[in-house]
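Trainee: prediction below, plus the sequence it came from.
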Amino acid sequence: MDVYGYKLINGQVSTTKIIISNREGDPKSDVDAIWVGWHVFPEKYGDSRTRFFTLWTRDAYRSTGCYNMGCPGFDPASGSGFAPGAIIDPVSYVKGPLQKLTIKMFLDRDTGDWWVHAGFNGSTTLVGRFPAKLFDTLSKKATHIGLGGVAEGGGDAPAPPMGSGYFPSDRSASITDISYIGEDGRLTPFALNTMKLETLSSCYSVTPIADAKFSYGGPGGCRRRNH
């Protein structure tokens, strides 16, 4: 995924992520989910830097889980130089050099742990794991995978840019080289059924996945919460 930066203010959050979840229970209370990606979140960090992040929940974000290692949960790999919450620098520039965050996540079927590898521009290193004990159902299997952006503006803050700040075009952000890890542990061509979701097309949009990639983003500016 292309990584970008913005000058945001408190109340604004812009995120690009992979979400892996199990939604077999009540969608209001029983969703198990993992997020991994990058975001700009001034209210959380006290600045407008771009950061690698993780997030988890086992009750549809009601009371369990946290970002990064803000609560007992994500178990970082010993000696890993790639930690949740770490600043990403440099970032991409429109029509200039691109910084690409590469993420690999998989379920260990023997233990129920979810392992996270991440790195830049194709290379990855072990970041850590989400232990099976964190979840009710996700430790057994995932039912949904989501990729793309989330942009939020609260109070008087308008919704911020998403991606590169451009609608899908030759200037927009993209997620590429999407692969699926099968039950045999091998990377396979991406051929899963997908659904495109836009909640406010006047501010953000996304293309369908084709040839294992898609483009997404927009300038924001809306005065309500948007995805």
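Mentor: Received the coordinates, thanks.
Trainee: where's D170 relative to S164, distance?
Mentor: As defined by Cβ to Cβ, to the nearest Å, D170 lies at a distance of 10 Å from S164. C-betas here are computed from N, CA, C, even on glycine.
Trainee: between the two, which has more neighbouring residues?
Mentor: S164 (26 against 8; other Cβ atoms under 10 Å).
Trainee: separation between the residue nearest to M69 when sequence neighbours are not counted and T50?
Mentor: The shortest distance from M69 to any residue that is not its chain neighbour, by Cβ to Cβ, 6 or more residues apart in numbering, is 6.1 Å, and that residue is P84. Computed with Cβ to Cβ, the distance linking P84 and T50 is 13 Å.
Trainee: repeat that for K17.
Mentor: K17 is 13 Å from T50, where distance means Cβ to Cβ.
Trainee: beta partners for the residue most central in space within the chain?
Mentor: Nearest to the geometric centre of the chain sits K17, at 1.3 Å (Cα atoms, centre = their mean). Assessed by DSSP bridges, K17 has beta-bridge partners G37, G148.
Trainee: give me every residue that touches it.
Mentor: With contacts taken as Cβ atoms under 8 Å, 6 or more residues apart in numbering, K17 has the following neighbours: 35-39, 146-150.
Trainee: other SSEs contacting the worst-scoring helix or strand of the chain on mean pLDDT?
Mentor: The element with the least model confidence among the helices and strands of the chain, by mean pLDDT, DSSP states H and E, is strand 187-189, at a mean of 81. Secondary structure elements in contact with strand 187-189, counted by 3 or more Cβ pairs under 8 Å, 6 or more residues apart in numbering; DSSP states H and E, are strand 179-181.
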